[in-house]
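**Q** Any chance you could fold what I've pasted below:
(one chain, ligands or ions: 2)
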Amino acid sequence: MGAVKTMETVQVNHVESIRPRYLVVMGVSGTGKTTIGVNLAEALHWAFQEGDSLHPQSNVEKMHAGVPLTDADRWPWLELCHEWLEKEVAIGRGAVLTCSALKKVYRDVLSRKLPVEFVHIKVAAEILLERMQQRTGHFMPPSLLPSQLATLEDPTDEEHVIRVSGLEPPDIILEKIIEVLQKNDTPRFD
Ligand SMILES: Nc1ncnc2c1ncn2[C@@H]1O[C@H](COP(=O)(O)OP(=O)(O)O)[C@@H](O)[C@H]1O
Ligand SMILES: O=C(O)[C@H](O)[C@@H](O)[C@H](O)[C@H](O)COP(=O)(O)O
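**A** Numbers count the residues shown, from 1 in each chain. Ligands and ions are numbered 1, 2, ... in the order given. This next block holds a predicted model:
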């Protein structure tokens, strides 16, 4: 959440050839989940939900105070994220949710009985710190970056994950994701 950069509208060819997908844009704080997620949903005319907005106020206050969330803090939030995805799958239009989804068990909750795929954005720690320091109006303090990085279980060997570097400009990242969606059209059935 927080400052979302307005980007030039990205020209996307053959958007109609991309079937509805249910994507969770994941990664530690500051990777660009919101920036990419908002624009991806807009380009594909899919629904969008900012995962941060589903956190209970107590979680937001905790993070704002510089205290990392525990699993117990995250379960109810992840269930709300799952509920949103479930509703969107039933609608059938395609959807994008931003959610850090740091651990495999969290991703398992999000994709439980749903054809959910993940888009993992990766950015080097030094650059993340700069981005978090420069970002204004966001509850997440840069001091929580080390715990975010320590908690992340990189989904390297997991299926249904699109991996992108978050170091390039947002419009390039967006184009790459859309290219993968166009090329890899194997539906996920659980
Ligand atoms: N690809 C990018 N290149 C440069 N800056 C970026 C990029 N993506 C996001 N940012 C900036 O980095 C900060 C964090 O981005 P944001 O989308 O809020 O990340 P997240 O939602 O993962 O915390 C914001 O100030 C945003 O404008
Ligand atoms: O599980 C968590 O610890 C949080 O969800 C965290 O990962 C998330 O990153 C914050 O909510 C900050 O929001 P941004 O990721 O948008 O900075």
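**Q** Against Glu130, how distant is the residue lying closest to Phe48 once chain neighbours are set aside?
**A** Once flanking residues are discounted, Phe48 sits nearest to Ala41: 3.6 Å by Cβ to Cβ, 6 or more residues apart in numbering. Every residue, glycine included, has its C-beta placed from N, CA and C. To Glu130, Ala41 is 26 Å away according to Cβ to Cβ, to the nearest Å.
**Q** next one: Asn59
**A** On the measure of Cβ to Cβ, Asn59 and Glu130 end up 25 Å apart.
**Q** what about the two, which has more around it?
**A** Asn59 (19 against 14; other Cβ atoms under 10 Å).
**Q** And the more buried one, which helix or strand is it part of?
**A** Taking DSSP states H and E as the criterion, the element that holds Asn59 is helix 57-64.
**Q** Report the buried residues of that helix.
**A** Asn59, Val60, Lys62, Met63 (16 or more other Cβ atoms under 10 Å).
**Q** Can you name the residues that contact the second one?
**A** Contacts for Val60 were tallied using Cβ atoms under 8 Å, 6 or more residues apart in numbering; they are Asp52, Phe139.
**Q** Ranking helices and strands of the protein by mean pLDDT, which lands last?
**A** helix 170-183 (a mean of 94; mean pLDDT, DSSP states H and E).
**Q** if we can go back for a sec, tell me who's in contact with the residue nearest to Phe48.
**A** For Ala41, counting by Cβ under 8 Å, 6+ apart, the contacting residues are Ala47, Phe48, Ala95, Val96.
**Q** Also Leu102?
**A** Leu102 sits next to Met26, Val28, Gln148, Thr151, Leu152, Glu153 when contact means Cβ under 8 Å, 6+ apart.
**Q** Reformat these as a markdown table; add distance to Lys122 and neighbour count.
**A** Output for the contacts of Leu102, formatted as a markdown table (distance: Cβ to Cβ, whole Å; neighbours: other Cβ atoms under 10 Å):
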| residue | distance to Lys122 | neighbour count |
| --- | --- | --- |
| Met26 | 10 | 25 |
| Val28 | 9 | 23 |
| Gln148 | 13 | 22 |
| Thr151 | 15 | 17 |
| Leu152 | 9 | 18 |
| Glu153 | 13 | 13 |
